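Trainee: Dropping a prediction and its sequence here:
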Amino acid sequence: MKYTAGFIGIGNMGGALLSAVCKSAGGKNVAVFDTDINKVQQKALELGVASESVESLVKNSRFVFLGVKPNIVASVISDIKEMISKENVVVVVTNEGYVKRVSSKSYAASTEDTTLKP
């Protein structure tokens, strides 16, 4: 795969995780998508990440992080689930502390969220 990580949504939660991943993996190994093109351009300059479409990001990233608002997580997963390959690992992170690993195999088998405890 072209990228180690791809981020859909780079607001507060997604942006913080993006910065941490870039420190470890390097910006050239990371792709981003956000509906706010200004955020994408800023992160591209700041961290050296690539701007990609959602489809390209999912197809070319080993780990796909969803940093979107909790009320649209299900919609985004629904939009990308056909693009998820067996090589992808999709991680959903929200400001409510929910993390869920989703893959084409585990998506259908797992319907429970895991809440991180402080």
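Mentor: Great, that's in hand.

Trainee: Can you give me the end-to-end span of stretch 63-70?
Mentor: 19 Å (C-alpha to C-alpha, to the nearest Å).

Trainee: buried stuff in that stretch?
Mentor: Buried residues in stretch 63-70, counted by 16 or more other C-beta atoms under 10 Å: Phe63, Val64, Phe65, Leu66, Gly67, Val68. From N, CA and C alone the C-beta is placed, and that goes for glycine too.

Trainee: do stretch 46-59 as well
Mentor: Leu47, Val49, Ala50, Glu52, Ser56, Leu57, Val58, Lys59.

Trainee: Among the buried residues of stretch 63-70, which lie within strands?
Mentor: Phe63, Val64, Phe65, Leu66 (DSSP state E).

Trainee: isn't the third one right up against Gly15?
Mentor: No - contact status for Phe65 versus Gly15: not in contact, 10.8 Å apart, counting by C-beta atoms under 8 Å.

Trainee: ok, back up a step: which ones among the buried residues of stretch 46-59 lie within strands?
Mentor: Counting by DSSP E, the buried residues of stretch 46-59 place Ala50 in strands.
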